[in-house]
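K.L.:
One predicted model, sequence on top.
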Amino acid sequence: MTDKQIVEALIERDEQVTQQFFFENCRPLFLSIIRYLFSYEVDYDEFVSEFYIYLMENDAYRLRQFQGRSTIYQWLKIVAIRYFRLLVLRPYISISLPKSFVFAFLHTIIFSQIILPI
């Protein structure tokens, strides 16, 4: 299957493709992201479930953003790191800080160039 075919099958909620893709094909990638982002043990199934929900929200809006300019794995790596980095940082961000500071801080953290070996 091509990357675009995989994305279409995921959007259509094809169980077989979803299971194969997230729990077999993406496993090495997601395990490296878990090791990179979390200083504590994270259950793989919970990680995948959380990320899948994120991708499928609003009629799979995020998955529909995949344009094929990179591989699906490279694209997922960036999306997953940005999403989970924000979740990890959320408890440390004070609501009393000026919004412009919080925005600039998050933009710097989320969009910094990441080199992550797979």
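P.N.:
Done, it's in. Numbers count the residues shown, from 1 in each chain.

K.L.:
Tell me how far Phe21 lies from Ile6.
P.N.:
6 Å (C-beta to C-beta, to the nearest Å). In this view, the C-beta of every residue, glycine as well, is placed from N, C-alpha and C.

K.L.:
where does this structure have its least confident helix or strand?
P.N.:
One helix or strand of the chain scores below all others by mean pLDDT, DSSP states H and E: helix 99-110, with a mean of 58.

K.L.:
List the contacts of the most centrally placed residue in the chain.
P.N.:
Most central residue of the chain, judged by C-alpha distance to the mean C-alpha position with C-alpha atoms, centre = their mean, is Ala80 at 1.6 Å. When contacts are counted by C-beta atoms under 8 Å, 6 or more residues apart in numbering, Ala80 is found next to 30, 33, 51.

K.L.:
which SSE is Phe30 in?
P.N.:
Taking DSSP states H and E as the definition, Phe30 sits inside helix 27-37.

K.L.:
Let's see that helix as CSV, backbone CA atoms only.
P.N.:
Once side chains and other backbone atoms are set aside, the C-alpha atoms of helix 27-37 remain, and they are given as CSV (Å, rounded to 0.1, in the frame of the first residue of the first chain):
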residue,chain,number,x,y,z
ARG,A,27,6.0,0.3,16.6
PRO,A,28,9.7,1.1,16.3
LEU,A,29,8.9,4.8,15.5
PHE,A,30,6.5,5.2,18.4
LEU,A,31,8.8,3.4,20.9
SER,A,32,11.6,5.8,19.9
ILE,A,33,9.3,8.8,20.5
ILE,A,34,8.2,7.4,23.9
ARG,A,35,11.9,7.0,24.9
TYR,A,36,12.7,10.5,23.6
LEU,A,37,9.8,12.4,25.3
